[in-house]
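Student: pasting the structure only:
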C-alpha cells in the first residue's frame, strides 16, 4: 500500500468533518458528542503554521484519514511540545497506516524543532494505546473518570515521546 500525505486546506474541511463526525457518533475516541462545525474544525487544525501541521492521509489514492500536530498549551514555554492526533476512516485500521503516519508526523515535528510529542487518548481506546506504545511512547498521565459518553464513564491517558534532545 502506497501512503502519501497532503496538507489540509480550508477546501478539505468537509472531508475532515465527515471522518471526525463518524468518530463522534460511533466511538469514544473523541469526547465531542454532537457533530462538529466547520468553524470548530478551523479552530482545531492549523494551516501554514510555523510549528504545527495538518494532513489528509491517502492510501493508494483513497482518502484514509487525517492527522495533525497542535499546541499542547497556548503558552510560549510549551513551544517545544506538541500533541499528535490521527483519525483513520472506518475500515482503514490495522493496515499499518497509523504506524507510518505517526513516524511521518514525528519527522515533520523534528524538522520544526519540536522536542516532545504527546498522545492524549481515551482510556478504552486499546488500539491507539497499543500503537503509541509500539512506537516508543510511554504513559505519563492517567486521568480517571473525566468524561462520559454513551453512558460510559471514561478515563483519559497521556503518552509522551521525546523525539530529539
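Tutor: Sure thing, it's come through. Model, not experiment: these values are computed from the prediction.
Student: who does residue 149 bridge with?
Tutor: Beta-bridge pairing of residue 149 under DSSP bridges involves residue 152.
Student: I'd guessed it sits against residue 31; true?
Tutor: Yes - if you go by CB atoms under 8 Å, residue 149 and residue 31 touch, sitting 6.3 Å apart. Every residue, glycine included, has its C-beta placed from N, CA and C.
Student: and the two? Which one has more around it.
Tutor: Using other CB atoms under 10 Å, the more surrounded residue of residue 149 and residue 31 is residue 149, with 17 against 13.
Student: list the contacts for that one?
Tutor: Counting by CB atoms under 8 Å, 6 or more residues apart in numbering, residue 149 touches 28, 31, 33.
Student: turn those residues into JSON lines, including distance to residue 78 and pLDDT.
Tutor: Formatted as JSON lines, these follow (distance: CB to CB, whole Å; pLDDT from 0 to 100):
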{"residue": "28", "distance to residue 78": "27", "pLDDT": "96"}
{"residue": "31", "distance to residue 78": "22", "pLDDT": "96"}
{"residue": "33", "distance to residue 78": "28", "pLDDT": "96"}
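Student: find the least confident helix or strand in the protein, judged by mean pLDDT.
Tutor: helix 38-44 (a mean of 93; mean pLDDT, DSSP states H and E).
Student: can you give me the buried ones in that one?
Tutor: Residues residue 41 are the ones in helix 38-44 that count as buried (16 or more other CB atoms under 10 Å).
Student: which helices and strands sit right next to it?
Tutor: helix 13-26 (3 or more CB pairs under 8 Å, 6 or more residues apart in numbering; DSSP states H and E).
Student: so which bits of the helix it packs on are buried?
Tutor: Neighbour-count burial for helix 13-26 flags 13, 16, 17, 19, 20, 23, 24 (criterion: 16+ other CB under 10 Å).
Student: tell me the helices and strands packed up against it.
Tutor: By 3+ CB pairs under 8 Å, 6+ apart, helix 13-26 packs against helix 38-44, strand 62-71, strand 81-88.
Student: distance check, the closest residue to residue 33 other than its chain neighbours against residue 32.
Tutor: With sequence-adjacent residues excluded and distances taken as CB to CB, 6 or more residues apart in numbering, residue 33 is closest to residue 149, at 6.3 Å. Distance of residue 149 to residue 32, given as CB to CB, to the nearest Å: 9 Å.
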